[in-house]
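[1] Okay, sequence plus prediction incoming.
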Number of protein chains: 2
Amino acid sequence: MGLTKTEIFTLEQNQISSIAKVFGHPARVAILQHLFKIDSCICGDLVDEIGLAQPTISQHLKELKKIGLIKGNITGTSICYCIDKENWSNMKTTLTAFLDQDLEDSNTCC
Amino acid sequence: MGLTKTEIFTLEQNQISSIAKVFGHPARVAILQHLFKIDSCICGDLVDEIGLAQPTISQHLKELKKIGLIKGNITGTSICYCIDKENWSNMKTTLTAFLDQDLEDSNTCC
DNA sequence: TTATTATATTGCAATATTACGATTAAAGGA
DNA sequence: TCCTTTAATCGTAATATTGCAATATAATAA
């Protein structure tokens, strides 16, 4: 049916998968890498940088904004996008806890 | 068009998004958490544990196997699924490098 | 006011994903 | 052999995602 049954999973499982879903497209990964790379945050060059049409980039930015990883400030005609450092840090804590499960106890099966 | 333009992105960007995509469904997060939790790896109880139909779980397991995060050994009638520790570790290295971008240099914009 | 510039939104087509019933395949037990 | 158990595969319906052309919006410049 194409519809994920979120209600049968825990809040943590849904949070992890929501974050991961946003990272699940190379354009969004590229956007985030670019935002980290440039020291300034005037981001009007994303369309040229990434190589997708303007509406497509705008849509990806919307996804990133929706989950809180980036924030945008209006600066005249253009919009200044940048990483939301605090939310990025919180996101990292959630994801790292999931990724570090293997450190907790070492079962020797298989 | 529903088709990701993978060719315009770097190998790293595609690798990160491929991994993240697999984590982008709560059922697969739940499956991995369960595989880590139980000390043994006889995994026939995943259907009862997760609460999705058997073909659906089988499909999710296939995704996890395809990217190499789990491996399955045939044990009589059932199949023994478990985390591929080495691949898990490699995956973590790739993802962590992406997540830790904010540590590299602290721009004070925004 | 009328361009111009920058970004968002709308609408749509193509493809992908999710979920499950029905079926199949393979191994073990009666 | 026949039945049961376990998991994979097939087929299909419903929904989601991706991408872009066209259009809208909003701010500034001329």
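    Now that the structure is in, tell me what you want to look at. Numbers count the residues shown, from 1 in each chain, chains lettered A, B, ... in the order given.
[2] Look up which helix or strand residue A:19 falls in, please.
    Using DSSP states H and E, residue A:19 sits within helix A:11-23.
[3] which helix is the longest one in chain A?
    Criterion DSSP state H: the longest helix present in chain A is helix A:85-99.
[4] Restrict that helix to CA atoms and write it as CSV.
    Coordinates of each C-alpha in helix A:85-99 appear next as CSV, following Å, rounded to 0.1, in the frame of the first residue of the first chain:
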residue,chain,number,x,y,z
LYS,A,85,23.9,23.4,14.8
GLU,A,86,21.9,22.6,17.9
ASN,A,87,19.4,20.4,16.0
TRP,A,88,22.3,18.8,14.1
SER,A,89,23.9,17.9,17.4
ASN,A,90,20.7,16.5,18.9
MET,A,91,20.2,14.4,15.7
LYS,A,92,23.7,13.1,16.0
THR,A,93,23.0,11.9,19.6
THR,A,94,20.0,10.0,18.5
LEU,A,95,21.6,8.4,15.5
THR,A,96,24.9,7.6,17.3
ALA,A,97,23.0,5.7,20.0
PHE,A,98,21.6,3.6,17.3
LEU,A,99,24.8,3.1,15.4
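[5] The helix holding residue A:19 near DNA strand D anywhere?
    Yes: using Cβ under 7 Å from any atom of the strand, a contact is recorded between helix A:11-23 and DNA strand D, made by residue A:21. Where C-beta positions appear, they are placed from N, C-alpha and C, glycine not excepted.
[6] what's the distance between that helix and the middle of its chain?
    10 Å (Cα atoms, centre = their mean, to the nearest Å).
[7] and after the worst-scoring helix or strand of chain A on mean pLDDT, which helix or strand comes next?
    Scoring the helices and strands of chain A by mean pLDDT, DSSP states H and E places strand A:70-75 at the bottom, with a mean of 79. Note on strand A:70-75: by DSSP H and E, the next helix or strand toward the C-terminus is strand A:78-83.
[8] Flag every buried residue along that next one.
    A:80, A:81, A:82, A:83 (16 or more other Cβ atoms under 10 Å in any protein chain shown).
[9] Which of those residues sits closest to residue A:36?
    Residue A:36 lies nearest to residue A:83 out of those, by Cβ to Cβ, at 6.4 Å.
[10] so where's chain A uncertain?
    A:1-2, A:39-44, A:74-77, A:105-110 (pLDDT under 70).
[11] could you redo the last one with a cut-off of 90?
    Residue ranges of chain A with pLDDT under 90: A:1-7, A:37-46, A:48, A:72-82, A:102-110.
[12] Taking helix B:11-23 as reference, get the angle to the longest helix of chain A.
    70 degrees (axes from the mean of the first three to the mean of the last three Cα atoms, to 10 degrees).
[13] Measure how far helix A:85-99 is from the centre of its chain, please.
    11 Å.
[14] ok, residues contacting it?
    A:12, A:15-16, A:19-20, A:67-69, B:23, B:29, B:33, B:92, B:95-96, B:99-100, B:102 (Cβ atoms under 8 Å, 6 or more residues apart in numbering or on different chains).
[15] Please spell out the ChimeraX selection for the buried subset of these.
    A single ChimeraX command selects the buried members of the contacts of helix A:85-99 (16+ other Cβ under 10 Å):
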select /A:15,16,19,20,67,69 /B:23,29,33,92,95,99
